[in-house]
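K.L.:
Here is a sequence with its predicted model. Questions after.
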Amino acid sequence: MQFNYHKRMINEFGEHNRTAPMQIIFFRDRLSDGRYAIMGKEEIEDITGVIDDIWQNLNLKTGIKTNFLIVVS
């Protein structure tokens, strides 16, 4: 479910701005120490794949580096 939300938001960003986001910030609550490292890696891989797919579909420049920040409380 979360993956579809990311895909929709990144697609809307790409359609509106015609470029990749320079940074994406995640806010996460109630994750154990071991879980947030896994979540971050999996989520970032998913989102980078979505960005590449959407950019190809929108005929936008790919390969733009997006910085990720994960805030866990």
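P.N.:
Great, that's in hand. Everything quoted here is computed from the prediction, not taken from an experiment. Numbering: from 1, shown residues only.

K.L.:
other SSEs contacting whichever strand or helix holds residue 68?
P.N.:
Following DSSP states H and E, one finds residue 68 within strand 67-72. The contact analysis (3 or more Cβ pairs under 8 Å, 6 or more residues apart in numbering; DSSP states H and E) places strand 67-72 against strand 23-28, helix 33-57. For glycine as for every other residue, the C-beta is placed from the backbone atoms N, C-alpha and C.

K.L.:
For those, which has the smallest mean pLDDT value?
P.N.:
Among these, helix 33-57 carries the lowest mean pLDDT, at a mean of 80.

K.L.:
returning to that earlier point: just want the angle from the strand holding residue 68 to strand 23-28.
P.N.:
Counting by axes from the mean of the first three to the mean of the last three Cα atoms, to 10 degrees, strand 67-72 lies at 10 degrees to strand 23-28.

K.L.:
Figure out how far strand 67-72 is from the centre of its chain.
P.N.:
10 Å (Cα atoms, centre = their mean, to the nearest Å).

K.L.:
Buried residues in it, which are they?
P.N.:
70, 72 (16 or more other Cβ atoms under 10 Å).

K.L.:
returning to that earlier point: dump the helices and strands packed on strand 67-72 into a markdown table; add mean neighbour count and distance to residue 65 as well.
P.N.:
Converted to a markdown table, the helices and strands packed on strand 67-72 look like this (neighbours: other Cβ atoms under 10 Å; distance: least, Cβ to Cβ, whole Å):
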| stretch | mean neighbour count | distance to residue 65 |
| --- | --- | --- |
| strand 23-28 | 13 | 10 |
| helix 33-57 | 14 | 10 |
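
K.L.:
Give me the residue at the spatial middle of this structure.
P.N.:
Centroid-nearest residue in the chain: residue 47, 3.5 Å away (criterion: Cα atoms, centre = their mean).

K.L.:
before we move on, the earlier item: mind checking which of the helices and strands packed on strand 67-72 is nearest residue 8?
P.N.:
For residue 8, the closest of those is helix 33-57, at 9.6 Å, according to Cβ to Cβ.

K.L.:
Return stretch 52-59 as PDB; C-alpha atoms alone will do.
P.N.:
Presented in PDB, the C-alpha positions along stretch 52-59 are these (Å, rounded to 0.1, in the frame of the first residue of the first chain):
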ATOM      1  CA  ASP A  52      13.400   5.700 -13.000                       C
ATOM      2  CA  ASP A  53      10.200   4.100 -14.400                       C
ATOM      3  CA  ILE A  54       8.100   7.200 -14.200                       C
ATOM      4  CA  TRP A  55      10.800   9.400 -15.700                       C
ATOM      5  CA  GLN A  56      11.100   7.000 -18.700                       C
ATOM      6  CA  ASN A  57       7.300   7.100 -19.100                       C
ATOM      7  CA  LEU A  58       7.200  10.900 -19.000                       C
ATOM      8  CA  ASN A  59      10.300  11.100 -21.300                       C
END
